[in-house]
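> Following is a predicted model, sequence given first.
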Amino acid sequence: MFYSKPFLEQRIKEERFRAYRTGSPFSIVLFSPYRFVSADHKNRKRSIDSIVNFLDQETRETDIKGWWDKKTIAIILLDTLPEDALLLIDKLVHSLQGNGYGDAQSIRKAPFRVIAFPNHRESDDEDNQDDKREKYSKNHSNQKDSNTNPLIKISGCDSPTGNSLKKHQEMIKRSFDILVSLTGLIILSPLLLLCALLIKLDSRGPVFFKQTRVGRDGKFFTFLKFRSMYHNADQEVHKNHVKNLMNHTTGLSSNGHPDEKTYKLAEDNRVTWVGKFLRRASIDELPQLINVLKGDMTLVGPRPHPIYEVEQYDLWHKHRLDTKPGITGLGQIRGRFNTTYEDVYRLDIQYLKRWSLFLDLKILFRTIPIVLSRRGAV
């Protein structure tokens, strides 16, 4: 059975999320049967139908097949590694040739493309898989044709969460970020100057804490906060704490409030006197309005993590990198206390799947009373 493109897109989204969640692989094969039949063939339409029927017989019942566009077929191969997908293509090519479809020249020009998921997996066999893809590409594709192949990028399937923002949504979100961050920096400038003065009076060192963090699509940027620790404080403390959280060797601890526990470091002796106040009021995060204005961050989104934390990610954690990191998010209003570190990740991914401007506004307005209550702050 051959399915429509919307059905294929939905299945790819579902399978990609499953692949990143469980590590179970799948592959997509894209090719045009029209390349096997010359344009001046008398019965081209009938020949194409024959190829499609042949393809249906030669593939597994569990393989999902359909028309990606008017001339291109997509085959979703569940639980299939890319090298196995390449073997299937070899089998199909030889079978088609044996049945009189396509000559050597048309086969070379057929732009077969294999897309494998999960594509963030690193393995010892990765180089071997690349060699196989390169070898196959040389044997079965023409470079000029592949460069112009409209299927090099599968639109609508780039995000494993299945909710990549459309262009107009990105423009709305970015415009909102610029308006709010610029207004916030102007209105809050007296408070920002006062905080800078208090930090300089309290302890030696710079006003801002700067750290390289990982943003959208794994791009690095310089993250800003008001410095709340002593200058040159040992960063290994937090690094080891994060590692223990990710490995589930540490749990929630008391944050000084009754009936509240947190995954954050409590009673951290690296924090200055002024830093404690800034943290309790979440004022130390305000310089990130500059990050938002520059475009490195957004007002609402998953919190940006340092490189050493991203290095600890499981495959499904990497969904967080599908969007810009934010100052606040679903994880900050629902996971501020009595929530495990893993649950905050789940809340971040839930946000990506449910995004809307209304949701952003809702999170922003809910952030204000939560910050003022100081619940969950350390």
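Looks like it arrived, so ask away. Numbers count the residues shown, from 1 in each chain.
> Which residues are in contact with residue 278?
Residues in contact with residue 278 (C-beta atoms under 8 Å, 6 or more residues apart in numbering) are 195, 199, 226, 228, 284. In this view, the C-beta of every residue, glycine as well, is placed from N, C-alpha and C.
> Now, the residues you listed that are in helices?
195, 199 (DSSP state H).
> Neighbour count added to the contacts of residue 278, as CSV?
Listed next are the contacts of residue 278 as CSV, based on neighbours: other C-beta atoms under 10 Å:
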residue, neighbour count
195, 22
199, 22
226, 23
228, 22
284, 24
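> which among the contacts of residue 278 gets closest to residue 90?
Nearest to residue 90, judged by C-beta to C-beta, of the contacts of residue 278 is residue 284 at 58.3 Å.
> ok, now how distant is the closest residue to residue 350 other than its chain neighbours from residue 175?
Distances taken as C-beta to C-beta, 6 or more residues apart in numbering place residue 330 nearest to residue 350, at 6.2 Å, with adjacent residues excluded. Separation of residue 330 from residue 175 (C-beta to C-beta, to the nearest Å): 22 Å.
> out of those two, which sits in the more crowded spot?
residue 330 (25 against 10; other C-beta atoms under 10 Å).
> isn't the more buried one right up against residue 349?
No: if you go by C-beta atoms under 8 Å, residue 330 and residue 349 don't touch, sitting 9.3 Å apart.
> on that earlier part again, who are the neighbours in contact with the residue nearest to residue 350?
Contacts of residue 330 (C-beta under 8 Å, 6+ apart): 347, 348, 350, 351, 363.
> what are the ranges of the strands in the stretch 201-350 of the chain?
With DSSP state E, counting those that start in this stretch as the criterion, the stretch 201-350 of the chain has strands at 208-214, 220-226, 253-254, 261-262, 298-300, 305-306, 326-328.
> Next, format the ones you listed as a markdown table and append mean pLDDT and distance to residue 25.
Putting the strands of the stretch 201-350 of the chain into a markdown table (pLDDT from 0 to 100; distance: least, C-beta to C-beta, whole Å) gives the following:
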| stretch | mean pLDDT | distance to residue 25 |
| --- | --- | --- |
| strand 208-214 | 94 | 25 |
| strand 220-226 | 96 | 28 |
| strand 253-254 | 58 | 38 |
| strand 261-262 | 64 | 37 |
| strand 298-300 | 96 | 32 |
| strand 305-306 | 92 | 26 |
| strand 326-328 | 95 | 31 |
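> Tell me which of those strands sits nearest to residue 29.
Using C-beta to C-beta, the strands of the stretch 201-350 of the chain put strand 208-214 closest to residue 29, at 32.1 Å.
> The closest one: which residues count as buried?
208, 209, 213, 214 (16 or more other C-beta atoms under 10 Å).
> ok, the first one to residue 290 distance?
Put plainly, it is residue 208. From residue 208 to residue 290 the distance is 9 Å (C-beta to C-beta).
> Where does the prediction get shaky in the stretch 51-200 of the chain?
Across the stretch 51-200 of the chain, the ranges flagged by pLDDT under 70 are 99-111, 119-165.
> Mind putting the strands of the stretch 201-350 of the chain into JSON lines with distance to residue 116?
Output for these, formatted as JSON lines (distance: least, C-beta to C-beta, whole Å):
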{"stretch": "strand 208-214", "distance to residue 116": "23"}
{"stretch": "strand 220-226", "distance to residue 116": "26"}
{"stretch": "strand 253-254", "distance to residue 116": "41"}
{"stretch": "strand 261-262", "distance to residue 116": "39"}
{"stretch": "strand 298-300", "distance to residue 116": "30"}
{"stretch": "strand 305-306", "distance to residue 116": "26"}
{"stretch": "strand 326-328", "distance to residue 116": "31"}
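> Which of those sits closest to residue 4?
Of the strands of the stretch 201-350 of the chain, nearest to residue 4 by C-beta to C-beta is strand 298-300, at 34.1 Å.
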